[in-house]
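1. I would like to see how this sequence folds:
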Amino acid sequence: MTKLKAVYRQANESGKRVDEVALERYGDLRFFDNAREEEIELDRRERYGKDYLGKEKPSGELFKHRKLDMEPTRRNDNAIPTSYGQSAQGETVETGPAPRETTALDASALNKLKAQMMKAKLRGASDAAELEARYNAAVSGAANRKEADVVVLGVMDNRMLAGGNRAEVRAVETKRGRERGQVEENEDMTIEDMVREERRNRGGAGEGQRFAERIAKDAKFDNDLDYMDENASKLAKRVHKSEINLKNASISEFQKMNRILDNCPLCHHEDTGKPPLAPVVSLATRVYLTLPTEPELNEGSTCIVPIQHRTNLLECDDDEWEEIRNFMKCLTRLYHDQGRDVIFYENAARPGQKRHAAMEAVPLPYSLGETAPAFFREAIISADEEWTQHKKVIDTLAKARQGGGKLAFRNTLAKEMPYFHVWFELDGGLGHVVEDPNRWPKGDLFAREIIGGMLDLALR
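-> Sure thing, here's the model as predicted:
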């Protein structure tokens, strides 16, 4: 590392290109690129801690990229004598455009490249212009690529792919198991291994889906208590996916999420600077006010939307909630000046669809605003099954008055569960946990039917 730092220092003091100084000191750029790989690996180990498992020795990746970057120059240099010999003196020789960069870079790689460019500019390094050109080419290539042929998954895209060895599983040592990369449950796990597994699986599917996967693997399964008692040990085993299946599932989820973000009418696309399709009525720092995407139920209806794509409002942080409450206060004051009451509601009954979270604001006459809690309570009770695991009606307004305050809603419901909630006041209202999405009305039909019935509107 001392030799590598000396190269950077000499290049900065002399004003020469880093590659020239490296060639003088190392004799071959391959050794220089290997030293750069070691520097990057040491930085990663220091950043991610002792659990990080990376390269044991340089792979030559940086030198391969260097050779690929030098290929167009070599081809053009080889083409010059032939073109010069066949062309008349003074005639302009046209050369083909440089090939477009095909290396797939994820957001983390782009950020690192941008950081290198900014550091080079601040130091006044000679390769600042080269780094800026590489960064601009990478950004334009990512923007022009309609559908990537290579999917680059970072660690944050799937925690199950991070952290090296998975202690909760062990490889199947049979011939077929080795060929297919199959794994089985490791029954000799330590407490630390269980904690790591829990962190990797956090936010994923619950035990219900895991039990369904175990049943799907059992061709002789019978929905009978006697069968379950006899095969309790087999059904208790967890179905673990191999590394290949985990990567395929991650790629599928990554592509699905990208399609959702590209087609979301409420998203602000920061990479392209494209504003949301929905009209922006008022814009704050983290939240904005827009008009409903569906036909409004009453004149003056609005929609409070976080700028970042959230599955539900419970995923929003404190700053976003502060702006949401400010919009709620302003709308309440506006409607009261017009002689009307207002209710706010959020429909997050299907988190698997990854829709953009939004809070709908619907103004009502004062007479209907007083009776709205009774309408919604009756509709919630009759909407779901008779026997449920959760309380059918969760009164967050009562909990707010009992000392929960403005955090009553956020402390009562969990962001992982599908739910519906309506606010009659600023701090709370009525909530409901949707246990069976198939019984729940599709789209926003539940709230629209209730409010439409209150306003004597025809069903659209």
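
2. What ranges in the stretch 301-450 of the chain fall below the confidence cut-off?
-> Filtered on pLDDT under 70, the stretch 301-450 of the chain yields the residue ranges 387.

3. quick check: longest strand of this protein.
-> Longest strand of the chain, by residue count under DSSP state E: strand 341-348.

4. ok, and what's touching the helix or strand that comes right after that one?
-> For strand 341-348, the following helix or strand on the C-terminal side (DSSP states H and E) is strand 359-364. With C-beta atoms under 8 Å, 6 or more residues apart in numbering as the test, strand 359-364 has contacts from 292, 296-305, 313, 324, 328, 331, 335, 338, 340-347, 372, 444, 447, 451, 454-455. For every residue, glycine as well, the C-beta is placed using N, CA and C.

5. Strand partners (parallel or antiparallel) of strand 359-364?
-> Within its sheet, strand 359-364 is paired with strand 302-306 (antiparallel), strand 341-348 (antiparallel), according to DSSP bridges.

6. And that strand, what's buried?
-> Met359, Glu360, Ala361, Val362, Pro363, Leu364 (16 or more other C-beta atoms under 10 Å).

7. ok, the residues you listed vs Lys391, which is closest?
-> Using C-beta to C-beta, Met359 comes nearest to Lys391 of these, at 22.5 Å.

8. Nearest residue to that closest one in space, please, no chain neighbours.
-> Distance criterion C-beta to C-beta, 6 or more residues apart in numbering; nearest residue to Met359, sequence neighbours excluded, is Ile304 at 4.3 Å.

9. wait, the one you found sits on Leu289?
-> Yes - counting by C-beta atoms under 8 Å, Ile304 touches Leu289, with 6.0 Å between them.

10. residues bridging contact with these two, i.e. touching both?
-> The contact sets of Ile304 and Leu289 overlap at Phe327 (C-beta under 8 Å, 6+ apart).

11. the more surrounded of those two?
-> Neighbour count, other C-beta atoms under 10 Å: between Ile304 and Leu289, Ile304 has more, with 25 against 20.

12. Now do the contacts for that one.
-> Neighbouring residues of Ile304 by C-beta under 8 Å, 6+ apart: Val287, Leu289, Ile324, Phe327, Met328, Leu331, Phe344, Ala358, Met359, Ala361.

13. Number of residues surrounding the third one?
-> Residue crowding around Ile324 was assessed by other C-beta under 10 Å; the count is 20.

14. which outside residues touch stretch 371-391?
-> Here stretch 371-391 makes contact (C-beta under 8 Å, 6+ apart) with 341, 343, 364, 392-393, 420, 422, 424, 429-430, 432-436, 439-441, 446, 449-450, 453-454.

15. hmm, back to that, winner for burial among the strands paired with strand 359-364?
-> Counting by mean count of other C-beta atoms under 10 Å, strand 302-306 has the highest mean neighbour count of the strands paired with strand 359-364, with a mean of 24.

16. moving C-terminal of it, what's the next helix or strand?
-> Heading C-terminal from strand 302-306 (DSSP H and E), you reach helix 318-337.

17. just to revisit the earlier point, please pick the buried ones from the contacts of stretch 371-391.
-> Buried residues within the contacts of stretch 371-391, counting neighbours by 16+ other C-beta under 10 Å: 341, 343, 364, 392, 420, 422, 424, 429-430, 432-435, 440, 446, 450, 454.

18. which ones among those are found in strands?
-> With strands taken from DSSP E, the overlap with these comprises Asp341, Ile343, Leu364, Phe420, Val422, Gly429, Leu430, His432, Val433.

19. Give me the nearest residue to the first one, chain neighbours excluded.
-> To tie it back to what came earlier, the one meant is Asp341. Per C-beta to C-beta, 6+ apart, closest to Asp341 is Gly369, 2.8 Å.

20. Likewise for the fourth one?
-> Taking C-beta to C-beta, 6+ apart as the measure, Phe420 lies nearest to His432, with 4.9 Å between them; neighbours along the chain are not counted.

21. for the spatially closest residue to Ala414 that is not a sequence neighbour, what are its contacts?
-> In space, and not counting its chain neighbours, Ala414 is closest to Leu314: 7.2 Å by C-beta to C-beta, 6+ apart. Residues in contact with Leu314 (C-beta under 8 Å, 6+ apart) are Ala348, Arg410, Leu413, Ala414, Lys415.

22. Tabulate these in a markdown table, adding columns for distance to Ile215 and secondary structure.
-> Compiled in a markdown table, these are given as follows (distance: C-beta to C-beta, whole Å; DSSP: H, G, I helix; E, B strand; the rest coil):
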| residue | distance to Ile215 | secondary structure |
| --- | --- | --- |
| Ala348 | 28 | strand |
| Arg410 | 35 | helix |
| Leu413 | 29 | coil |
| Ala414 | 26 | coil |
| Lys415 | 28 | coil |
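
23. Can you pick out the most distant pair from these?
-> Maximum pairwise distance among the contacts of Leu314 (C-beta to C-beta): 13.1 Å, between Ala348 and Arg410.

24. Cross-check the contact I'm expecting between Trp440 and Ala348.
-> No - assessed by C-beta under 8 Å, Trp440 is found out of contact with Ala348, at 11.0 Å.

25. Now the common contact residues for these two.
-> In contact with both Trp440 and Ala348: Phe420, using C-beta under 8 Å, 6+ apart.

26. Assumed Ala6 was part of a strand.
-> No - applying DSSP: H, G, I helix; E, B strand; the rest coil, one finds Ala6 to be helix, outside a strand.

27. Could you give the backbone dihedrals for the closest residue to it other than its chain neighbours?
-> Nearest non-adjacent residue to Ala6, counting by C-beta to C-beta, 6+ apart: Arg25, 7.2 Å away. Backbone torsions for Arg25, taken as degrees, to the nearest 10, come to phi -80, psi -40.

28. What does the pLDDT read for Arg25?
-> Arg25 carries a pLDDT value of 77.

29. Same question for Asp226.
-> According to the prediction, Asp226 has pLDDT 78.

30. ok so, going back, please, a PyMOL command that selects the buried ones among the contacts of Leu314?
-> Buried residues within these, by 16+ other C-beta under 10 Å, are selected in PyMOL with:
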select buried, resi 348+410+413+415
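
31. Looking at the contacts of Leu314, spot the one nearest Leu266.
-> Using C-beta to C-beta, these come closest to Leu266 at Ala348, 14.1 Å.

32. List the beta-bridge partners for that closest one.
-> Applying DSSP bridges, one finds that Ala348 bridges with Tyr419.
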